[in-house]
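Enquirer: Prediction below, plus the sequence it came from.
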Amino acid sequence: MFTGKSCRAPLRRVVWRKRPEGIFARRGLAEGRTSGSSETSRLAYSDRPRSCRTPRGPPVPHHQTRTRLSFAAVAAAALAAVLLLSACSAAASPAPGAGGGSPVAGGTLTFGRTAAVNNLDLNQQITANNAFAIDKIFEPLVSFDDNGEIIPWLADYEVDDDGLVYTFTLRDGVSFSNGEAVTPEDVLFSLERHLEVGGPLPLTAPIESIEASGDRGVVITLSGPYTPFLSELSGFANGIFPANFGGKSEEEFFKKPVGTGPFVVNEWDPNGDISFVKNEHYWQEGKPYLDGLVYKFIADDTQLRQQLAAGQIDAIDTVPAANAAEVEGAANTVLSKTKAWSTEQVFFNTQREQFADEHVRRAIAHALDREGITAATGFGTAETANVLLPPTILYSANGEKGIALDFDVAAAKKELAESAYPDGFETTLLIPSGNSQRAQIAQVIQESLAEIGITVKIEQLDIAVFRERFFAYDFDMMINNGQSDAPDPNGFITFQADPEGFSKSYWTHFTDARVTELMHEGRETPDGEKREAIYREIQQILAEKVPYIPLYFPSNLKATTEAVQGFTVLPNGSVRFQDAWLAR
């Protein structure tokens, strides 16, 4: 990483400058073509550094089950599980990779996941099932480590004193998986395509120009200050690929893409599994250690755990909190629990008449015991949310009192009495099937709202259909998760509160002029007390207006067999499989 001031080299030629319309936009790569399978949506990216300094920090619906699990029963089970998890922890196996000796090359690791990979176009994706395959193929100029700090990746960088000119120098010897060297022209083509497609995770920085400088340099000039620029660049959607798609059509290219990542697509069933082989030209010497990586599609999380326990797969992407103690205590199984940039939430479709009424939303917020829900369904692996931003995100106000609407049934009834629906109403809560934890949360919500006169029907849908429904704004309420890819608040807030953004405030259609104003101010304000105050006010307004109810901050819970070493989980939930290896 460069540490000095900008020493910009003479520009060879200008390849891209901001213009009203671009070639890719005209090709119809608009938001309607976005696809994915996981219910978890990736958020836009952000970060704090304005120089090279280390940053700080959606079949037939299945309705509710016949067995009703009371809040008290769930809470009792949760307490028992927490005690068991605590007891197991003392004698638990070491964390993946700990004490495993020197890395061993070879072997294929099979990773069980609850959603299939169905699209590898990095500029058109938003869901975790696709994102965490894409980031094994394509890589950005900069990335972040397991602590969330921005680090050089394909390139070193420096920033001028005004924070407007970013100079990137490609690492010597970086090649694509076909063996061809990465050039500034490849970088410019990749970033231009992302800028002009206008996909779900757009580059929102005020980029004035992108220029090639010499054989390895790229200079990006902004028209104004933009504090989160480096972290925005670190997102998977900004991965680099060959100029002109290596001579192929876009459609052909993304069926068998070429990138700089540690793995290359071998076989792929968009409705099933995807297998990778190692990139023999990977720029990190000696990596990846694995010869191959398989993402095995197993829709049900119970089946995931059973196959892991039987040794049929090597690792799994998700462990329900209720099963964490079971997994940790099982023989030959290692639980991975890491901090996440994530918030589990109840979302309201404010286009629905009832939920356009702020009193209704506030009534529901008062009716939900967030601490009780966290204890009953988090089983000691989650932290109660008082605000939207997780404490792992810069400027989270979660530690402050008096922001969130407290659990208060009397206050809930009072708010509902002041609404247009004083006698209550019927509504539907949408959740994905195969997710036992969300099914439990839904039952608790159903019971809680019944106390204030709101009748809730729980609708469980196949995960792909669930996604289609909320992408089409076809829901009343839903339980979903917001996930960021950087510790800066801009990405999280932009995705959840920007009415003009791709997700229209995370598909709630919530609009607040003051939040929008503050959101723009936050992007342009340098880090410090003023920027912190901006995001504190945003969190306060969102807590009062309640377009969604943050419930808790989950941990990243995954598991492996004891043979898996070097299993590095990033705060965004992705695994750095180039570091993983199999002990023999």
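Expert: Okay, I see it.
Enquirer: May I have the distance across stretch 445-455, first residue to last?
Expert: Counting by CA to CA, to the nearest Å, you get 10 Å between the two ends of stretch 445-455.
Enquirer: buried stuff in that stretch?
Expert: Ile445, Gln446, Glu447, Ser448, Leu449, Ile452, Gly453, Ile454 (16 or more other CB atoms under 10 Å). The way it works is simple: take the backbone N, C-alpha and C, and place the C-beta from them, glycine included.
Enquirer: Show me the shaky parts of this structure.
Expert: Low-confidence segments of the chain (pLDDT under 70): 1-100.
Enquirer: so can I have TSV of the buried residues of stretch 445-455 showing distance to Pro571?
Expert: Output for those, formatted as TSV (distance: CB to CB, whole Å):
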residue	distance to Pro571
Ile445	27
Gln446	32
Glu447	33
Ser448	31
Leu449	33
Ile452	36
Gly453	40
Ile454	35
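Enquirer: can you tell me which of these lies nearest to Ser484?
Expert: Ile445 (24.3 Å; CB to CB).
Enquirer: give me every residue that touches Val409.
Expert: Listed by CB atoms under 8 Å, 6 or more residues apart in numbering, the contact set of Val409 reads His366, Ala367, Glu451, Ile452.
Enquirer: any idea how far it is from Arg531?
Expert: Using CB to CB, to the nearest Å, Val409 is found at 37 Å from Arg531.
Enquirer: Quick check: closest non-adjacent residue to Gly259.
Expert: Counting by CB to CB, 6 or more residues apart in numbering, Phe138 is the residue found nearest to Gly259 once chain neighbours are left out, at 3.9 Å.
Enquirer: That neighbour contacts Thr260, doesn't it?
Expert: Yes - using CB atoms under 8 Å, Phe138 is in contact with Thr260, at 7.0 Å.
Enquirer: out of those two, which sits in the busier spot?
Expert: Between Phe138 and Thr260, Thr260 has the larger neighbour count (other CB atoms under 10 Å), namely 25 against 22.
Enquirer: now the nearest residue to Asn332 once chain neighbours are set aside: how far from Leu308?
Expert: Of all residues not flanking Asn332 in the chain, Glu562 sits nearest, at 5.1 Å (CB to CB, 6+ apart). Counting by CB to CB, the gap from Glu562 to Leu308 is 11 Å.
Enquirer: now do Ile393
Expert: Using CB to CB, Ile393 is found at 30 Å from Leu308.
Enquirer: go on, Asn266?
Expert: 23 Å.
Enquirer: who's more crowded, those two?
Expert: Set Asn266 next to Leu308 and count neighbours by other CB under 10 Å: Leu308 wins out with 24 against 14.
Enquirer: give the contact list for that one.
Expert: Here Leu308 is in contact with Gly112, Asp314, Ala315, Ile316, Val327, Thr333, Ala559, Thr560, Thr561 (CB under 8 Å, 6+ apart).
Enquirer: can you count the residues close to the fifth one?
Expert: Spelled out, that is Val327. The number of residues near Val327, taken as other CB under 10 Å, comes to 24.
Enquirer: Over to the fourth one?
Expert: Ile316 is surrounded by 28 other residues when neighbours are defined as other CB under 10 Å.
Enquirer: in the sheet, who's paired with it?
Expert: Gly112, Ala559 (DSSP bridges).
Enquirer: Would you check that it makes contact with Thr561?
Expert: No - assessed by CB under 8 Å, Ile316 is found out of contact with Thr561, at 9.8 Å.
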